[in-house]
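Enquirer: Okay, structure incoming, though there's no sequence with it:
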């Protein structure tokens, strides 16, 4: 007897593999594999989350009105052009579901976020990988990949898993080089970690251009990864199309309350940003001191550092050695970087501990 057969493009998907939280032997160690906030969650957000326990029998507001209004007020946006979702991942999938299909092409950069390929293949579209420029986004390479079948270009800025950052001028040049019928998706999951006042102009583009979607998340800076709250901003036509396939209750009442409270806790956000900037720079400098042994830190504007292993000590050996030492990081053979480890900026003790363990392994490898 025959059985239902999944679509061939579904079976071509390599499932997403999240960062591990335990070692091979089941130990719980310092988790630096998923770019979570090492300082936890805003106390105000935690309090708001707990207070929502009295409403567990109620469905969330399907329109997300309160969250959209608070976001609009904070960023100076039109609330009608904000869409929310189960993490920014859902928004990324909604973009592919609304604007791409079988035979269409979806472009993303080499060493780009794994969800882009999954979102493209899920709808039968063809993933097109643009070459990088030393692990960074190459605008000319992306534009060279555009064909008459191109429907979407995904760009994470800062990029995951490399941490690299494309400037406002580069993003503007990329947008100017795309046809109006191509959707440019700017994934700002790590935008709050960019040094200083720099920003890539994505939100302004989304406010004025009919073919730009910006996505954001509460999982990183705001420390709400467990609640999966994401949102996006784009033209009315883009938002209206995505609303047609959006899940009606994709974020919870408690998560929404926590997100709204987190937006108002500027003290926690600034503390997180300062901590990340300090220890990201410190860790990168420590890796630079191991340059003679073949270690290199890719310049990062996110809350993690991609460390490349180009000497005697391999990334795989370092991954296992760090696990033995009590730290789980992200080894990236599945994303085309078998010689790299993506290491989240942790607490001071965690960051110092990883640097010390790596130095010890380098000395042992000779």
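Expert: Looks like it arrived, so ask away. In this text the structure is predicted, and so the values were computed from the model without any measurement.

Enquirer: Strands along this protein, start to end?
Expert: With DSSP state E as the criterion, the chain has strands at 30-31, 82-86, 105-109, 126-130, 150-156, 183-187, 212-217, 229-233, 295-297, 304-309, 327-328, 330-332, 337-344.

Enquirer: buried stuff in stretch 232-245?
Expert: For stretch 232-245, burial by neighbour count (16 or more other Cβ atoms under 10 Å) applies to 232-235, 238-239, 241-242. Backbone N, C-alpha and C define where each C-beta goes, glycine included.

Enquirer: Then stretch 133-151?
Expert: Applying 16+ other Cβ under 10 Å to stretch 133-151 flags 135-139, 141-143, 145-146, 150-151 as buried.

Enquirer: got the end-to-end distance for that stretch?
Expert: Taking Cα to Cα, to the nearest Å as the measure, stretch 133-151 stretches 23 Å from start to finish.

Enquirer: Contacts for it, please.
Expert: With Cβ atoms under 8 Å, 6 or more residues apart in numbering as the test, stretch 133-151 has contacts from 99-100, 103-107, 109, 111, 125-126, 128, 130-132, 153, 155, 157, 159, 162, 164-166, 170, 173-174, 177-179, 181-183, 298, 306.

Enquirer: Quick one: distance of it to the chain centre.
Expert: Chain-centre distance of stretch 133-151: 19 Å, with Cα atoms, centre = their mean, to the nearest Å.

Enquirer: Dump the buried residues of stretch 133-151 into a markdown table; add pLDDT and distance to residue 9 as well.
Expert: A markdown table is the format used below for the buried residues of stretch 133-151 (pLDDT from 0 to 100; distance: Cβ to Cβ, whole Å):
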| residue | pLDDT | distance to residue 9 |
| --- | --- | --- |
| 135 | 95 | 28 |
| 136 | 95 | 30 |
| 137 | 96 | 26 |
| 138 | 97 | 27 |
| 139 | 98 | 28 |
| 141 | 98 | 25 |
| 142 | 98 | 23 |
| 143 | 98 | 26 |
| 145 | 98 | 20 |
| 146 | 98 | 21 |
| 150 | 98 | 17 |
| 151 | 98 | 15 |
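
Enquirer: And the lengthiest helix in the chain, what does it pack against?
Expert: Longest helix of the chain, by residue count under DSSP state H: helix 266-288. For helix 266-288, the packing partners by 3 or more Cβ pairs under 8 Å, 6 or more residues apart in numbering; DSSP states H and E come out as helix 43-51, strand 295-297, strand 304-309, helix 348-365.

Enquirer: sorry, back to before: check the buried residues of stretch 232-245 and tell me the two furthest apart.
Expert: Checked with Cβ to Cβ, the buried residues of stretch 232-245 reach their widest spread between 233 and 241, with 14.2 Å between them.

Enquirer: picking that back up, of the buried residues of stretch 133-151, closest to residue 15?
Expert: With Cβ to Cβ as the yardstick, the closest approach to residue 15 among the buried residues of stretch 133-151 comes from residue 151, at 23.5 Å.

Enquirer: one step back: pipe the buried residues of stretch 232-245 into a markdown table and attach pLDDT per row.
Expert: Listed next are those as a markdown table, based on pLDDT from 0 to 100:
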| residue | pLDDT |
| --- | --- |
| 232 | 98 |
| 233 | 98 |
| 234 | 98 |
| 235 | 98 |
| 238 | 98 |
| 239 | 97 |
| 241 | 97 |
| 242 | 97 |
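
Enquirer: Quick one: the helices in the stretch 101-250 of the chain, in order.
Expert: Per DSSP state H, counting those that start in this stretch, the stretch 101-250 of the chain has helices spanning 114-122, 139-145, 168-177, 202-208, 236-243. These are given in chain order.

Enquirer: out of the ones you listed, which comes closest to residue 91?
Expert: The nearest among the helices of the stretch 101-250 of the chain, by Cβ to Cβ, is helix 236-243 at 7.5 Å.

Enquirer: That closest one - contacts with which helices or strands?
Expert: Counting by 3+ Cβ pairs under 8 Å, 6+ apart, helix 236-243 packs on strand 82-86, helix 87-99.

Enquirer: Out of those, flag the one nearest residue 189.
Expert: Across the helices and strands packed on helix 236-243, closest to residue 189 is helix 87-99 (Cβ to Cβ), at 5.7 Å.
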